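1. Got a predicted structure here, sequence first:
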Amino acid sequence: MKAVIILLLIDHDKCVCYNKNIMKVYGDYHTHTVDSDGVNTIDENIAAAKKRGLSEVGITDHAHYRVRNKKKRIENALMNKAQVQRSAQNAGIKAFYGVECNVVGMDGDIDIAGDERKLYDYLVCGIHMSVQPKKFWQFFTYYIPNMFWFVMRQIGINWTPKGLIRKNTKAVINVIEKNNIDILSHPGRYFRVDVIEVAKACIARGTAMELNNKKISFRPVDFERMAAMGAKFVINSDAHKAENVGRMDRVGAFLQLCDYDPECILNLDRPFVRPKAKLLDQIVKAVHEKNS
Ligand SMILES: [Zn+2]
Ligand SMILES: [Zn+2]
């Protein structure tokens, strides 16, 4: 049966198998266009989503590619949002205009100002290598050490000092707690974090964690533990080319290794809706009871 399942994943890479049931990915909520570092237009991404058989798609270009001038930035966002609606109507699919913003430093700051938040249907947020912290000294205490250990990982030294992981974890938790983030993109991919601690904050604030088709930076056992704790996930392609919109094969292969309740994945057979926030202490208590 496993061979059949794997074949299905290759043939229909928007599908996920769980206990021999085929579940369809309803929408892809993280894609990039020429408005940041993607290679296709809004129109092409949305048409590709329709061709792939998705029911919903989100355009989420990087916040750090937006122009500095605020008036121009707002005009661009409104123009793009209108384009998303036009393209969606032409393609016959539901589409959203979001943004992928950044963790900028360790104090919970992101690079979307409060009054610009309403320009977007939803916020995806993550850590990116090219985005430097707002505070100058954090460039040396936070950015450079993370860059160093990231490069080490690329040459096969898969280790990060525990103190740095603690710092990164705190930085991400601060962002989750201070901002209204809908989806945390690629947790732990560039700067290593303690995903279990991050998951607790996401549960408390109702933030979905991403299963990113480019790379998943935690182990199946971590995913199983987070899912059992009550964390919610969304599968996204993070496509930078239209041909990759809705491509979910790597996530499908990862999920083959995991034992989990598919209810924890919010965009399987249904549209993504942000999970309800829960009180952190209730989650901590539940985890404590489970472990004792
Ligand atoms: Zn990203
Ligand atoms: Zn992205």
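-> Perfect, I can see it now. Ligands and ions are numbered 1, 2, ... in the order given.
2. residues contacting residue 50?
-> 57, 91-93 (C-beta atoms under 8 Å, 6 or more residues apart in numbering). Bear in mind the C-beta positions are built from the backbone N, C-alpha and C, glycine included.
3. residue contacts, the residue nearest the centre of the chain?
-> The centroid of the chain falls nearest to residue 185 when counting by C-alpha atoms, centre = their mean (2.3 Å). Residue 185 makes contact with 30, 100, 124-126, 210, 212, 236, 238 under the criterion C-beta under 8 Å, 6+ apart.
4. Compare these and tell me which is most surrounded.
-> Highest neighbour count within those, by other C-beta atoms under 10 Å: residue 236, with 29 neighbours.
5. how many other residues sit next to residue 157?
-> Residue 157, neighbours per other C-beta under 10 Å, totals 10.
6. Excluding residues flanking it in the chain, which one is nearest residue 189?
-> Nearest residue to residue 189 in three dimensions, chain neighbours excluded: residue 217, at 4.4 Å (C-beta to C-beta, 6 or more residues apart in numbering).
7. residues in contact with the one you found?
-> Here residue 217 is in contact with 186-189, 192 (C-beta under 8 Å, 6+ apart).
8. helix/strand/coil for it?
-> coil (DSSP: H, G, I helix; E, B strand; the rest coil).
9. low-confidence ranges in the stretch 151-292 of the chain?
-> Across the stretch 151-292 of the chain, the ranges flagged by pLDDT under 70 are 279-288, 290-292.
10. Ligand 2 contacts on that one?
-> With C-beta under 5 Å from the ion as the criterion, the stretch 151-292 of the chain meets ligand 2 at residues residue 238.
11. OK, contacts around the closest residue to residue 133 other than its chain neighbours?
-> In space, and not counting its chain neighbours, residue 133 is closest to residue 105: 3.4 Å by C-beta to C-beta, 6+ apart. Going by C-beta under 8 Å, 6+ apart, residue 105 touches 133-135, 138, 142, 171.
12. try residue 276
-> Per C-beta under 8 Å, 6+ apart, neighbours of residue 276: residue 206.
13. quick one: the helices in the protein?
-> Assigned by DSSP state H, the helices in the chain fall at 2-11, 42-52, 70-91, 138, 144-154, 162-178, 195-205, 220-229, 249-256, 280-291.
14. re the thing from before, show me which of the contacts of residue 50 is closest to ligand 2.
-> The closest of those to ligand 2 turns out to be residue 57 (C-beta to the ion; 13.8 Å).
15. number of nearby residues for the closest residue to the closest one other than its chain neighbours?
-> Spatial nearest neighbour of residue 57, chain neighbours left out: residue 49 (3.6 Å); criterion: C-beta to C-beta, 6+ apart. Under the neighbour criterion other C-beta under 10 Å, residue 49 is assigned a count of 30.
16. Same check on residue 151?
-> Using other C-beta under 10 Å, residue 151 has 10 neighbouring residues.
17. ditto for residue 15
-> Neighbours of residue 15 using other C-beta under 10 Å come to 19.
18. Can you name the residues bridging to it?
-> residue 24 (DSSP bridges).
19. Quick check: residues of the protein near ligand 1?
-> 126, 185.
20. State the distance from the residue nearest to residue 57 to ligand 2.
-> 15 Å (C-beta to the ion, to the nearest Å).
21. That residue touches residue 96, doesn't it?
-> No - contact between residue 49 and residue 96 fails when scored by C-beta atoms under 8 Å: they sit 11.0 Å apart.
22. list the residues that contact both of these two?
-> Common neighbours of residue 49 and residue 96, using C-beta under 8 Å, 6+ apart, are 56-57.
23. In the stretch 51-200 of the chain, which residue sits closest to ligand 2?
-> When scored by C-beta to the ion, the stretch 51-200 of the chain has residue 100 as its residue closest to ligand 2, at 4.7 Å.
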